[in-house]
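Enquirer: Kindly return the folded structure for what I paste below:
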Amino acid sequence: MRNELQSLPTPSLLVDGARVERNVHRMATRFSALGARLRPHVKTHKAIEVGRMQAKAGMHGITVSTLAEARAFAAQGFDDITYAVPIEPGKYAAVAAMNAAGTRLAVLTDDGEVPASLAAVAWAASVTIDVYLKVDCGYGRGGRS
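Expert: Residues are numbered from 1 along each chain as shown. Sure, this is the predicted structure:
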């Protein structure tokens, strides 16, 4: 096995498929028991196959950290995506285009001025874009107080 590992090109991803399946089902079961919906973040695994496992287990939508991740998952049929980095004006057109193409790409912001300017872009593209407001609840991790 060691020689096989040494011969792999880098970077390479090695996955214990059974463990991934167990973890996916454990999370799905836990959230279902709580009556909550889990929208998993794909920034760590970045794997379409794992995203499909999560969807099959009943998880609803995905969360991404980049628009490239959003485009890659949308191209594989994921149509309910949240972009978890505060949106900035340079990305409005890309978000509107993805929504126009049939992907529900929701965004978030910590800036009270963003919804109005994003709405103008959405209006021009004849789409609706869901926006979540990120609020600092006192932990200083993000959002505005």
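
Enquirer: Which pLDDT does the model give residue 11?
Expert: On pLDDT, residue 11 comes in at 89.

Enquirer: Please apply the same query to residue 95.
Expert: So, for residue 95, pLDDT stands at 98.

Enquirer: what kind of secondary structure is it in?
Expert: At residue 95 the chain is in helix, as set by DSSP: H, G, I helix; E, B strand; the rest coil.

Enquirer: ok, now how distant is it from residue 64?
Expert: 12 Å (CB to CB, to the nearest Å). Yep, even glycine has a C-beta here, placed from its N, CA and C like the rest.

Enquirer: Which neighbours do the two have in common?
Expert: Both residue 95 and residue 64 are contacted by residue 83, under the criterion CB atoms under 8 Å, 6 or more residues apart in numbering.

Enquirer: show me what contacts the residue nearest to the spatial centre of the chain?
Expert: With distances taken as CA atoms, centre = their mean, the residue of the chain nearest its centroid is residue 63 (1.8 Å). Shown in contact with residue 63 (CB under 8 Å, 6+ apart): 39-43, 81-84.

Enquirer: from what I can see, it looks like it's in a strand, true?
Expert: Yes - Residue 63 sits within a strand when classified using three-state DSSP.

Enquirer: how much space between it and residue 70?
Expert: Distance from residue 63 to residue 70, by CB to CB: 10 Å.

Enquirer: overlap in contacts of the two?
Expert: Counting by CB under 8 Å, 6+ apart, the residues touching both residue 63 and residue 70 are 81, 83.

Enquirer: circling back to that earlier point, go through the contacts of residue 63 and single out the one with the most neighbours.
Expert: When neighbours are counted by other CB atoms under 10 Å, residue 81 leads the contacts of residue 63 with 24 neighbours.

Enquirer: Mind checking what secondary structure that one has?
Expert: Secondary structure, three-state DSSP: residue 81 is strand.

Enquirer: right, and it touches residue 74 too?
Expert: Yes - under the criterion of CB atoms under 8 Å, residue 81 makes contact with residue 74 at 6.6 Å.
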